[in-house]
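just to be clear, the model below is a prediction. Sequence and coordinates:
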Amino acid sequence: MEIEKKDIRSLTKEQLRDFFVANGDKAFRGNQVYEWLWSKASHNFEDMTNVSKETRIMLENNFVINHIKVDTMQRSEDGTVKNAVRLHDGLIVESVLIPTETRTTACVSSQVGCSLDCNFCATARLKRMRNLEPGEIYDQVVAIDRESRLYYNRPLSNIVFMGMGEPLMNYNNVIKAINMITSEEGLGMSPKRITVSTSGVSKKIKKMADDEVKFKLAVSLHSAIEETRNHIMPFTKNFQLPELKEALQYWYQKTKSKVTYEYVVWKGINDDKASIDALVKFCKYVPCKVNLIEYNPIDDGEFKQASDEAIDNYIKALAKNDVVAKVRRSRGKDIDAACGQLANKS
């Protein structure tokens with residue numbers, strides 16, 4: 001029976017160095033291979049031209065590189081690019097490039113499907129198949145960086161974990177991926193340009209604070225009224241607002257980093273004065289800003305985009321209370337790539 005080969009990217013640099021020493025080679029060979037795997041984002045051993053053919057064959061015999069492949073790519077009229085990404089086991093996730101005049105943002109997935117049950121989200125209708133490995137998250141970023149350079153003649157500037165999955169339900173792998181993305185041995189991106197969006201997994205928010213992460217935090221809130229929030233995202237019965245409030249206060253106390261609330265306004269669900277007042281009150285707990293997100297309907301169900309008047313009422317109330325609020329329009333509508341909205345299913 002053929003032994004399943006290990007993904008070489010699951011090894012640390014030290015483990016790679018040890019592997020080469022154990023096989024009669026010099027430790028520095030591990031450094032060379034590590035650079036090919038991460039800084040140069042190589043997907044096959046044949047690319048590693050500064051190591052001997054014999055070494056490449058040895059690597060081939062012992063390991064695999066479980067890299068992603070962009071299966072299909074769609075470009076929207078507004079410049080948004082959506083990738084259907086095929087993983088080594090045939091499963092598919094999505095990642096999106098969102099351009100503006102001054103920046104390009106990668107929206108990446110952290111799980112295949114989603115384990116949560118947000119009623120308004122297309123991804124929530126897919127059961128969670130598995131977590132993504134750090135290398136699979138990293139590869140999405142590399143692919144979008146290449147597309148950004150190709151189509152917009154500039155490198156990727158920002159990353160948001162707002163694709164498929166709840167990032168904090170894949171905590172260790174997401175952190176490992178971000179560490180490599182921000183490492184000088186990886187892509188060397190500033191953590192300040194990375195935002196992780198969660199639906200409010202309180203214990204993990206506290207853990208991030210304890211781990212002294214340097215990236216930004218966004219929370220898919222959608223209502224500061226418990227009953228309404230539970231209706232929109234039923235799983236939040238396990239992460240109730242008082243617990244979330246405490247976790248966010250802990251986060252800010254430890255990191256001094258503002259929280260962004262992602263907030264979709266729906267007709268007849270959270271477009272009333274009581275909902276606005278509740279959000280204003282919740283915003284007073286920690287320094288924050290609010291992204292009011294245009295909804296991209298997934299069917300003809302109960303979730304419908306609220307009126308412009310309702311959005312204006314939110315903006316006025318938040319401004320009156322010195323809370324910065326922006327309206328985020330849905331991007332890539334013609335290719336169904338409203339990445340910012342996908343975050344809020346998480």
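Structure received.

out of the helices and strands in this protein, which is least certain?
Ranking every helix and strand in the chain by mean pLDDT, DSSP states H and E puts helix 339-343 at the bottom, with a mean of 42.

ranges for the helices of the stretch 101-250 of the chain?
For the stretch 101-250 of the chain, the helices defined by DSSP state H, counting those that start in this stretch cover 134-152, 171-182, 202-210, 226-232, 241-255.

please tabulate these in JSON lines, including the columns distance to Val21 and mean pLDDT.
C-beta here means a position set from N, CA and C on the backbone, and glycine is covered the same way. Listed next are the helices of the stretch 101-250 of the chain as JSON lines, based on distance: least, Cβ to Cβ, whole Å; pLDDT from 0 to 100:
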{"stretch": "helix 134-152", "distance to Val21": "23", "mean pLDDT": "96"}
{"stretch": "helix 171-182", "distance to Val21": "23", "mean pLDDT": "98"}
{"stretch": "helix 202-210", "distance to Val21": "35", "mean pLDDT": "97"}
{"stretch": "helix 226-232", "distance to Val21": "54", "mean pLDDT": "93"}
{"stretch": "helix 241-255", "distance to Val21": "40", "mean pLDDT": "98"}
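
between those, which gets nearest to Gly268?
Of all the helices of the stretch 101-250 of the chain, it is helix 226-232 that lies closest to Gly268, at 11.0 Å by Cβ to Cβ.

how about the closest one: buried residues?
228-232 (16 or more other Cβ atoms under 10 Å).

before we move on, what about stretch 86-105?
Buried, per 16+ other Cβ under 10 Å, within stretch 86-105: 87, 92-99, 104-105.

same thing with stretch 214-226?
215-225.

same deal with stretch 246-257?
In terms of neighbour count (16+ other Cβ under 10 Å), stretch 246-257 has its buried residues at 247-248, 250-252, 255, 257.

got the contact list for it?
200, 202-203, 205-206, 208-210, 212-213, 216-217, 219, 258-259, 285-287 (Cβ atoms under 8 Å, 6 or more residues apart in numbering).

and the buried ones among the residues you listed, selectable in PyMOL?
With 16+ other Cβ under 10 Å as the criterion, this PyMOL line picks the buried residues out of those:
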select buried, resi 200+202+205+206+208+209+213+216+217+219+259+285+286
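
for the stretch 1-150 of the chain, what spans make up the strands?
Listed in chain order, the strands found in the stretch 1-150 of the chain under DSSP state E, counting those that start in this stretch are 6-7, 63-64, 69-75, 81-86, 92-99, 104-107, 111-112, 130-131.

need the contact partners of the first one.
With Cβ under 8 Å, 6+ apart as the test, strand 6-7 has contacts from 62-66, 133, 135.

of those, which is the most crowded?
If you count neighbours using other Cβ atoms under 10 Å, the busiest of the contacts of strand 6-7 is Gly135, which has 24 neighbours.

which ones are touching that residue?
Shown in contact with Gly135 (Cβ under 8 Å, 6+ apart): 7, 9-10, 65-67, 177.

dump those to TSV, plus distance to Ala143.
Below are the contacts of Gly135 laid out as TSV (distance: Cβ to Cβ, whole Å):
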residue	distance to Ala143
Asp7	18
Arg9	15
Ser10	20
Ile65	15
Asn66	15
His67	10
Ala177	14
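
which single one of these is nearest to Arg329?
Among the contacts of Gly135, Ala177 lies closest to Arg329 (Cβ to Cβ), at 28.4 Å.

residues near that closest one, how many?
Ala177, neighbours per other Cβ under 10 Å, totals 28.

which stretches of this protein aren't confidently modelled?
For the chain, the stretches flagged by pLDDT under 70 are 1-3, 114-128, 297-300, 330-346.

if we go to 50?
1, 123-124, 337-338, 340-346 (pLDDT under 50).

show me what contacts the residue nearest the centre of the chain?
The centroid of the chain falls nearest to Phe161 when counting by Cα atoms, centre = their mean (1.2 Å). Neighbour list for Phe161: 108, 110, 167, 174, 194-197, 343 [criterion: Cβ under 8 Å, 6+ apart].

of those, buried ones?
Looking at the contacts of Phe161 with 16+ other Cβ under 10 Å, the buried ones turn out to be 108, 110, 167, 174, 194-197, 343.

quick one: Pro99 from Val141, how far?
Counting by Cβ to Cβ, to the nearest Å, the gap from Pro99 to Val141 is 15 Å.

repeat for Cys107
Computed with Cβ to Cβ, the distance linking Cys107 and Val141 is 10 Å.
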